[in-house]
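1. Just need the structure, nothing else, for what follows:
(chains A and B)
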Amino acid sequence: MSNPVEDAPELPRSNFVRDIIVEDVRNGKNQARVHTRFPPEPNGYLHIGHAKAICLNFGLAQEFGGQCNLRFDDTNPTKEEVEYVDSIMEDVRWLGFDWEDRCYYASDYFDQLYEWAVQLIKAGKAFVCDLSADQIREYRGIPGQPGRNSPYRDRTVEENLDLFTRMKAGEFPDGARTLRAKIDMASPNFNMRDPVMYRILHASHHRTGDKWCIYPTYDYTHGESDSIEGITHSICTLEFEDHRPLYDWYLENLGIHHPQQIEFDRLHLSNTMLSKRKLLHLVQRGYVSGWDDPRMPTLSGFRRRGYSPEAIRLFCSRIGVSKTNGLIELGLLEHSLREELNRSSARIMAVMDPVKVVVDNYPDDLVEEMDAVNNPEDPAAGTRHVPFSKTLYIEREDFRENPPKQYHRLTIGREVRLRYAYLITCTSVEKDASGEITVIHCTYDPATRGGNTPDGRKVKSTIHWVSAKHSVDFEARLYEQLFNEENPDTEEDPNKDFTANLNPKSLEVRSGKIEPSVRGAKPLDRFQFERLGYFCMDRDSTGEKPVFNRTVGLRDTWAKIESKGR
RNA sequence: UGGCUGAUCGUCCAAUGGUAGGACUCAGGACUUUGGAUCCUGCUAUGAAGGUUCGAAUCCUUCUCAGCCAGCCA
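-> Next up is the predicted model:
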């Protein structure tokens, strides 16, 4: 069933990858089939950049009635772990995509890959090389100059077969030999200068255990895996553009199904670090609490922070797909977030910086249950009761003794509305020795129950509140961007510590008072705290004290006006 | 300075030889029981120079700038 309001914003947009597919389908290429794949390496958690690739690959398959596989590119046992495999599956599912029964691993193809390597050796297109890593680098040459052939390049097929078999059998130590494709040491493209196909690694693999001590490289593995799975369009990021001739070479020389590799620009988000290596560093050195720290740009971090999968998908559809090196403003992500959360989040009242209000003419022991709308954007969300009594808390900044111009909130002598409750007028304040306001005295108009004005009079402001004796103490975790710099991922100087850009104020812990209806909430439940922002219950919550992560604040027009006045 | 790829409002994306458009941001305004949401208005762009054409963001030439590539990482 389709919901145009929900679905329309996520409609696929025209982009060059889609154009290629449209054309291929029209020409009947691959029997007009569309089959894509999302191929993460299980060496870290998925981040928002991966979400772009996931939405593209799964989205395209969906749109053209095709399929999208999940495939783990697990050819490097020294960096890969099952923890990452599990988290990746969880995150893709959470984002809203389904690979059905098509979860594959490149390691599933190790036997086939080995056979194909033997085939290339027999065809005189691959050889065992005894050069060390340093020597290979030296022989490879430099830009503008051709490399030199390895002295082992002309070994006989028999010798290559024998050596390769013994490499597999574990006769040689790590790094002693490699299997290389015999292509062209003079190619201007370094990837074609006799690239390594297999290296010796006596390491245990998270899936194949100790079965192998030689492992295929990415270049030798990826295209063949695509081919085996019948992939039609192999969509990857720009840095693999130079690898495409090699991708094509393996497939052509093996004479097997040849998918088309198409490259697009990976996501670059302002004030955000999207390098897996550096994110791992933040986790390992304890700069954040883990991969799912709500400040992390990982999908698990965003989830814990309170982002919805719909919001992330919406963002991904808005940024488009191209080949330009762009930097997306964080504001676009937050805009998509607010737009989605606004229509989906239940409202609740919470006071973050409480100051006491006493309604002097309200009966001492009376408690009234006020009707409050759960979500003005969604009538189906219903209503709830909020208890009202003589002593309340309001936000300290919603009262000013000497209000600036254009300040509409409470001040002595002024009437404002308490949301869903009564109109109140401030009469006086009490202060402590230091001059800080301790109590605000008000009177209420009993005729305005629910916040209505039977006489039609207007008040400029409506503020939120909680009943003091009914309210629940809670902890709020307020986040700001992890990095101060707009582009923290430019590593001009490799020796410079990128953590120097870390925002020391990225986390602020506060406590406040919240409406008792919060009692039914569970971790990951999302709310809008009226007039404050979107918050998500954290798993650190206890029965005593709920903990909330601030997902993102509400647009604050007043803050903008006031800061301009200064 | 070897190769590959790219360059359109401040940002991102579209226009596929025929009126440069949308979104975000920003600036105004309307409305409002969230200074929220919503609605309206406005601002700003084809990297440069030549050429082809009735007509060029689009085709050609030269230049400039940017990203990526010298892992037995992916």
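2. Not counting its neighbours along the chain, what's nearest residue A:269?
-> residue A:328 (5.3 Å; Cβ to Cβ, 6 or more residues apart in numbering). Every C-beta, even on glycine, is put in place using the N, C-alpha and C of the backbone.
3. low-confidence ranges in chain A?
-> A:1-12, A:491-496, A:566 (pLDDT under 70).
4. Can you list phi and psi of the one residue in the stretch 301-450 of chain A that gets nearest to RNA strand B for me?
-> Nearest residue of the stretch 301-450 of chain A to RNA strand B (Cβ to the nearest atom of the strand) works out as residue A:320 at 2.7 Å. Backbone torsions for residue A:320, taken as degrees, to the nearest 10, come to phi 70, psi -180.
5. check contacts around residue A:80.
-> The neighbourhood of residue A:80, defined by Cβ atoms under 8 Å, 6 or more residues apart in numbering, consists of A:41-43, A:72, A:74, A:205-206.
6. interface residues of the stretch 401-550 of chain A facing RNA strand B?
-> A:406-409, A:417, A:419-420, A:450-452, A:458, A:461-464, A:528, A:530-531 (Cβ under 7 Å from any atom of the strand).
7. Quick check: bridge partners of the closest residue to residue A:385 other than its chain neighbours?
-> Leaving aside its sequence neighbours, residue A:385 sits nearest to residue A:369 (Cβ to Cβ, 6+ apart; 3.9 Å). Taking DSSP bridges as the rule, residue A:369 bridges to residue A:387.
8. Just to check, residue A:369 is in contact with residue A:386?
-> Yes: at 7.1 Å, residue A:369 counts as touching residue A:386 under the criterion of Cβ atoms under 8 Å.
9. just checking, next helix/strand downstream of whichever strand or helix holds residue A:21?
-> Residue A:21 is part of helix A:16-26, with elements assigned from DSSP states H and E. Next helix or strand after helix A:16-26 toward the C-terminus (DSSP H and E): strand A:35-38.
10. Tell me the secondary structure at residue A:90.
-> At residue A:90, secondary structure determined by DSSP: H, G, I helix; E, B strand; the rest coil is helix.
11. picking up where we left off before, residues near the residue nearest to residue A:385, how many?
-> 10 (other Cβ atoms under 10 Å).
12. Between the two ends of stretch A:147-161, how far is it?
-> Distance between the two ends of stretch A:147-161: 25 Å, counting by Cα to Cα, to the nearest Å.
13. ok, now stretch A:196-210?
-> 22 Å.
14. Next, the buried residues of it.
-> For stretch A:196-210, the neighbour count (16 or more other Cβ atoms under 10 Å) marks A:196-201, A:205-208 as buried.
15. With stretch A:357-377 instead?
-> A:357, A:359, A:362, A:368, A:370, A:372-375.
16. State the distance from residue A:561 to RNA strand B.
-> 5 Å (Cβ to the nearest atom of the strand, to the nearest Å).
17. in which helix or strand would I find that residue?
-> helix A:557-565.
18. Need the contact partners of that helix.
-> A:404-407.
19. try 7 Å
-> A:404, A:406 (Cβ atoms under 7 Å, 6 or more residues apart in numbering).
20. One more: stretch A:43-58?
-> Contacts of stretch A:43-58 (Cβ under 7 Å, 6+ apart): A:17, A:36-38, A:40, A:68, A:79-80, A:84, A:87-88, A:91-92, A:95, A:97, A:235, A:266-267, A:269, A:274, A:276, A:279-280, A:291, A:297-300, A:302, A:312-313, A:316, A:319, A:321.
21. Sort out for me which of these are in helices.
-> Of the contacts of stretch A:43-58, the ones assigned to helices by DSSP state H are A:17, A:84, A:87-88, A:91-92, A:95, A:276, A:279-280, A:299-300, A:302, A:312-313, A:316, A:319.
22. Filter the residues you listed down to the buried ones and hand me the ChimeraX line.
-> Selection of buried members from the ones in helices among the contacts of stretch A:43-58 for ChimeraX, criterion 16+ other Cβ under 10 Å:
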select /A:17,84,87,88,91,92,95,276,279,299,300,302,312,313,316,319
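23. all strands of the stretch 301-450 of chain A, in order?
-> A:346-348, A:350-351, A:354-359, A:368-373, A:383-388, A:391-395, A:415-418, A:423-431, A:437-444 (DSSP state E, counting those that start in this stretch).
24. And the helices in the stretch 51-200 of chain A?
-> Ranges of helices within the stretch 51-200 of chain A are A:82-95, A:110-122, A:133-140, A:157-169, based on DSSP state H, counting those that start in this stretch.
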